[in-house]
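Enquirer: Any chance you could fold what I've pasted below:
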Amino acid sequence: TEHNLPETVARLLYNRGLTKDEDIQRFLKNDLSANLHDPFLLKDMDRAVARVRKALEESEKITVYGDYDVDGITSTVILYQYLSEQTETIDYYIPSRIDEGYGLNRSAVEAIRASGSTLLITVDTGTTAVEEIAYAKAIGLDVVVTDHHECMEQLPDCPVVNPKRKDYTYPFP
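Expert: As a prediction, the model looks like this:
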């Protein structure tokens, strides 16, 4: 390429829609102020933040729930570390690959609620867990979903921060 990039890097840039010289230069320059957008442009971010703030202010127990794959574990660790600096009433849950499989499940929801949590924050999962989240709400567990997987027609009845929502307006796909 004219930027002297390895072919793999050039393909990744192209796949991300970066084809114009100025866009490629801005991206490679790694100027965060030029590449990051206001996170509150993501649907439900305001609702998610308000619910987490309330939990922190009222010292509610929060559980971060992430899948057992690389992005799930990484997301769990990042959010858990941040929240553990804000509160001592924090826990995490990674489902068993063999016994529970991917996604939110009813028995995990029950165990998390039984542990005293009143807020469950999913990372890398939850967008399709309509029934599980309805059950969580029924037993007194609020849920905030953060995810990046494909959405079904119906979203769970809770804040769902996911750039793949049909009503997506965030400027970076």
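Enquirer: how about the nearest residue to the residue most central in space within the chain, chain neighbours excluded?
Expert: Nearest to the mean C-alpha position of the chain, counting by CA atoms, centre = their mean, stands residue 146 at 2.6 Å. Nearest non-adjacent residue to residue 146, counting by CB to CB, 6 or more residues apart in numbering: residue 161, 4.8 Å away. Yep, even glycine has a C-beta here, placed from its N, CA and C like the rest.
Enquirer: that older thread, thought residue 156 was touching the residue nearest to the centre of the chain, still the case?
Expert: No - applying CB atoms under 8 Å, one finds residue 146 not in contact with residue 156, separated by 12.0 Å.
Enquirer: Mutual contacts of these two, please.
Expert: Residues touching both residue 146 and residue 156 (CB atoms under 8 Å, 6 or more residues apart in numbering) are residue 126.
Enquirer: Strands of this structure, residue ranges please.
Expert: In the chain, the strands defined using DSSP state E lie at 61-66, 90-93, 117-123, 142-146, 160-161.
Enquirer: These: which one's closest to residue 131?
Expert: Residue 131 sits nearest to strand 142-146 of all those, at 12.1 Å, using CB to CB.
Enquirer: The residue nearest to residue 146 contacts residue 44, doesn't it?
Expert: Yes - with contact defined as CB under 8 Å, residue 161 reaches residue 44; the gap is 5.2 Å.
Enquirer: Can you pick out the residue with more neighbours from these two?
Expert: residue 161 (24 against 20; other CB atoms under 10 Å).
Enquirer: Let me see the contact set for the more buried one.
Expert: Residues counted as contacts of residue 161 (CB under 8 Å, 6+ apart) are 42, 43, 44, 45, 48, 144, 145, 146, 147.
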